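Student: sequence isn't available, so here's the structure alone:
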């Protein structure tokens, strides 16, 4: 799959405005006018087919995708028609024996468990053919598209009917929503569009009044004495509370001031929530759940809530406050966890013997003790006009993941909180609008080990035998000099680009340190092939590639290549040819530096031992060059110890 971001076209205005239908019994069916379609829990998407160009999908955040199995299947079919350009509205969704939920779709399309063969396309509108808008009736559009898609396994029109009676609609509901797990129905009735979803109810207790959203945005009305969001929980048999969900929907203007009276039950307060005594029970309506680790809390009179760790549970989708329950009390029966249907709970983990559990604990301890590098990227600071959802989407495309509950008051704390739960080597800190920090993570320690040719099952922490004599490879320059040189080159290329666009335009196009809007990976690779001395830039060429490619796109390629190929404006020294020295493991000292002015040398000579990639002994496992090392000659220099600890950053 090829991915990029584009803000050239907004598709929000293409999404129909839908009112909520409380019950099918409220529907007035008009034969030949009412159209009912099954609703999938996926991503609203524009699909553009172009016979002579690139066919792609585009979501409302500007996420541009092309070249994946379902889309390629559609392109192959339309290539057999006479049409050259077609635009559809569709839903991208995940399917595995039955339609899956949106969180599963997100995981399968861009998570570490990506499986593009499970991504399907459901088309529900035909916008244009060869530039001509299509104004034909809905059923004509669907029939026309179906003739193009015969034999497709991953692309289809949405299930739909033109009902004659209300019973036809109820039959469609039972078939697709109840039996097959579709999200609901969309009903086009004359000039109005409705949606209806299955709803469930749960009784929960209010344990907090929220001052901020889950993304850290201030709830302004809270400062005016109005509550617009509450935190709710259920209760386990041991009277421990388990967080269930936040809820803002259903809280009317009158109710906001009534809920403020609960401030008299305040027991504690943090940056996000005012915690109150568990005294008010209410009923929530919701459409579905998704798995989420939830905090277990013990309420102690006079002391407030005490954390008892986290448990696998759920969060509610589309929760809505519908009534208070003065007839209910705070007890394990009225607030039982089993109110959540079993088929809406996370799948239980298989039973394991104590031996298996002991083995897994030991394996986890081994992973946590590995001397893995920890790389923290430059801080991203959110501006008042920035939306966390937009940043989240962009970082997810680059492979970053995050638990939004794990924040910190400092960068160090935010990184540590994520690292404890997700053992990774890369972290991207973000300063949120409330002044706190959160750290995205990617590249797990296990992935890193696999990249090094290691296998976790072989990581037995036993004393390493004295190494045998081996061949030592000597190179002349440290990896830190590569980075110094690359930073110099990127600074120059940016200045070059700024002769053609403003800093603001460049900032908007830059999606990450190696991802620029409109610059594909293939284009970057082709541009890099013309660099005469790629060895000057070590293993960090990916940092320069996008800016070089952007220079070429702006017709600045000649100047860019001249700077990179001549190297007169920055210190350069290609690594020397590897020389083989067979002896006991002892790393040779740096070869003499060829730079005449030592005080200007970005990597001055010193007496510290280095590995074959030029990384100093003290930087073993911490330098980014180590991520791509296949030689592993540092193992002889730093034999594994029996009491290893994960490298700390701060």
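Tutor: Cool, got the structure. Treat the numbers as computed from the prediction; the structure is a model and nothing was measured.

Student: surely residue 447 forms part of a helix?
Tutor: Yes. Residue 447 forms part of a helix when assessed by DSSP: H, G, I helix; E, B strand; the rest coil.

Student: lowest-pLDDT helix or strand in this protein?
Tutor: strand 470-474 (a mean of 32; mean pLDDT, DSSP states H and E).

Student: the spatially closest residue to residue 178 that is not a sequence neighbour - how many residues pack around it?
Tutor: Spatial nearest neighbour of residue 178, chain neighbours left out: residue 198 (7.6 Å); criterion: C-beta to C-beta, 6 or more residues apart in numbering. Yep, even glycine has a C-beta here, placed from its N, CA and C like the rest. Applying other C-beta atoms under 10 Å, we find 15 residues neighbouring residue 198.

Student: now the residue positioned nearest the centre of the chain: how far from residue 59?
Tutor: What sits nearest the mean C-alpha location of the chain, by C-alpha atoms, centre = their mean, is residue 396, with 3.0 Å. Residue 396 sits 12 Å away from residue 59, going by C-beta to C-beta, to the nearest Å.

Student: helices or strands up against the helix or strand containing residue 127?
Tutor: Residue 127 belongs to strand 119-129 when assigned by DSSP states H and E. On a contact count with 3 or more C-beta pairs under 8 Å, 6 or more residues apart in numbering; DSSP states H and E, strand 119-129 meets strand 43-50, helix 69-78, strand 85-94, helix 102-110, helix 138-148, strand 155-157.

Student: dump those to JSON lines, plus mean pLDDT and mean neighbour count.
Tutor: JSON lines is the format used below for the helices and strands packed on strand 119-129 (pLDDT from 0 to 100; neighbours: other C-beta atoms under 10 Å):
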{"stretch": "strand 43-50", "mean pLDDT": "93", "mean neighbour count": "20"}
{"stretch": "helix 69-78", "mean pLDDT": "94", "mean neighbour count": "19"}
{"stretch": "strand 85-94", "mean pLDDT": "94", "mean neighbour count": "22"}
{"stretch": "helix 102-110", "mean pLDDT": "83", "mean neighbour count": "19"}
{"stretch": "helix 138-148", "mean pLDDT": "91", "mean neighbour count": "15"}
{"stretch": "strand 155-157", "mean pLDDT": "94", "mean neighbour count": "21"}
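
Student: closest one to residue 27 among these?
Tutor: helix 138-148 (16.9 Å; C-beta to C-beta).

Student: circling back to that earlier point, name the next helix or strand downstream of the strand holding residue 127, please.
Tutor: strand 132-133.

Student: same for that following strand, what does it pack against?
Tutor: By 3+ C-beta pairs under 8 Å, 6+ apart, strand 132-133 packs against no helix or strand.

Student: now it: average pLDDT?
Tutor: For strand 132-133, mean pLDDT is 94.

Student: what strands line up against that strand, and which way round?
Tutor: Strand 132-133 pairs in its sheet with strand 119-129 (antiparallel), by DSSP bridges.

Student: mind giving me the domain ranges of the chain?
Tutor: 2-196, 200-344, 365-458, 479-566 (automatic domain parsing).

Student: which SSE is residue 245 in?
Tutor: Using DSSP H and E, residue 245 falls in strand 241-247.

Student: want to throw the helices and strands packed on strand 119-129 into JSON lines with distance to residue 163?
Tutor: Formatted as JSON lines, the helices and strands packed on strand 119-129 follow (distance: least, C-beta to C-beta, whole Å):
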{"stretch": "strand 43-50", "distance to residue 163": "24"}
{"stretch": "helix 69-78", "distance to residue 163": "28"}
{"stretch": "strand 85-94", "distance to residue 163": "21"}
{"stretch": "helix 102-110", "distance to residue 163": "27"}
{"stretch": "helix 138-148", "distance to residue 163": "12"}
{"stretch": "strand 155-157", "distance to residue 163": "17"}
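
Student: out of these, flag the one nearest residue 256.
Tutor: Nearest to residue 256 among the helices and strands packed on strand 119-129 is helix 102-110 (29.4 Å), distances taken as C-beta to C-beta.

Student: measure the residue nearest to residue 50 when sequence neighbours are not counted to residue 125 for me?
Tutor: Nearest residue to residue 50, sequence neighbours excluded (C-beta to C-beta, 6+ apart): residue 85, at 5.4 Å. When distance is defined by C-beta to C-beta, residue 85 is 16 Å away from residue 125.

Student: now residue 322. Nearest residue, chain neighbours left out?
Tutor: residue 285 (4.9 Å).

Student: ok, the one you found - contacts?
Tutor: Shown in contact with residue 285 (C-beta atoms under 8 Å, 6 or more residues apart in numbering): 199-201, 250, 319-320, 322.

Student: ok, the host helix or strand of it: who's next to it in the sheet?
Tutor: Using DSSP H and E, residue 285 sits within strand 281-286. Strands that pair with strand 281-286, judged by DSSP bridges, come out as strand 200-210 (antiparallel), strand 320-324 (antiparallel).

Student: roughly how far is the shortest one from the heart of the chain?
Tutor: Strand 320-324 has its C-alpha centroid displaced from the chain centroid by 32 Å (C-alpha atoms, centre = their mean, to the nearest Å).

Student: enumerate the positions of that strand that are buried.
Tutor: Neighbour-count burial for strand 320-324 flags 320-321 (criterion: 16 or more other C-beta atoms under 10 Å).

Student: need the three-state assignment for residue 113.
Tutor: Applying three-state DSSP: residue 113 is coil.

Student: separation between residue 125 and residue 79?
Tutor: Relative to residue 79, and taking C-beta to C-beta, residue 125 is found at 21 Å.

Student: just residue 72 next, same as before
Tutor: The value you get for residue 72 to residue 79, if C-beta to C-beta is used, is 10 Å.

Student: please apply the same query to residue 411.
Tutor: 51 Å.

Student: the more surrounded of the two?
Tutor: More crowded of residue 411 and residue 79, by other C-beta under 10 Å: residue 411, with 19 against 12.

Student: contacting residues for the residue nearest to that one when sequence neighbours are not counted?
Tutor: In this structure, residue 411 finds its nearest non-sequential neighbour in residue 429, 4.6 Å apart by C-beta to C-beta, 6+ apart. Residue 429 sits next to 376-377, 379-380, 411, 414-415, 437-440 when contact means C-beta under 8 Å, 6+ apart.

Student: now residue 429: which helix or strand?
Tutor: Under DSSP H and E, the secondary-structure element containing residue 429 is strand 424-431.

Student: in that strand, what's buried?
Tutor: Applying 16+ other C-beta under 10 Å to strand 424-431 flags 424-430 as buried.

Student: over to stretch 410-418?
Tutor: Quick answer for stretch 410-418 (16+ other C-beta under 10 Å): 411-418.

Student: with secondary structure, distance to residue 115 and pLDDT as extra columns, can I get these in JSON lines?
Tutor: Shown next, in JSON lines, are these (DSSP: H, G, I helix; E, B strand; the rest coil; distance: C-beta to C-beta, whole Å; pLDDT from 0 to 100):
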{"residue": "411", "secondary structure": "helix", "distance to residue 115": "34", "pLDDT": "89"}
{"residue": "412", "secondary structure": "helix", "distance to residue 115": "36", "pLDDT": "85"}
{"residue": "413", "secondary structure": "helix", "distance to residue 115": "35", "pLDDT": "85"}
{"residue": "414", "secondary structure": "helix", "distance to residue 115": "31", "pLDDT": "88"}
{"residue": "415", "secondary structure": "helix", "distance to residue 115": "30", "pLDDT": "88"}
{"residue": "416", "secondary structure": "helix", "distance to residue 115": "32", "pLDDT": "85"}
{"residue": "417", "secondary structure": "helix", "distance to residue 115": "29", "pLDDT": "83"}
{"residue": "418", "secondary structure": "helix", "distance to residue 115": "25", "pLDDT": "86"}
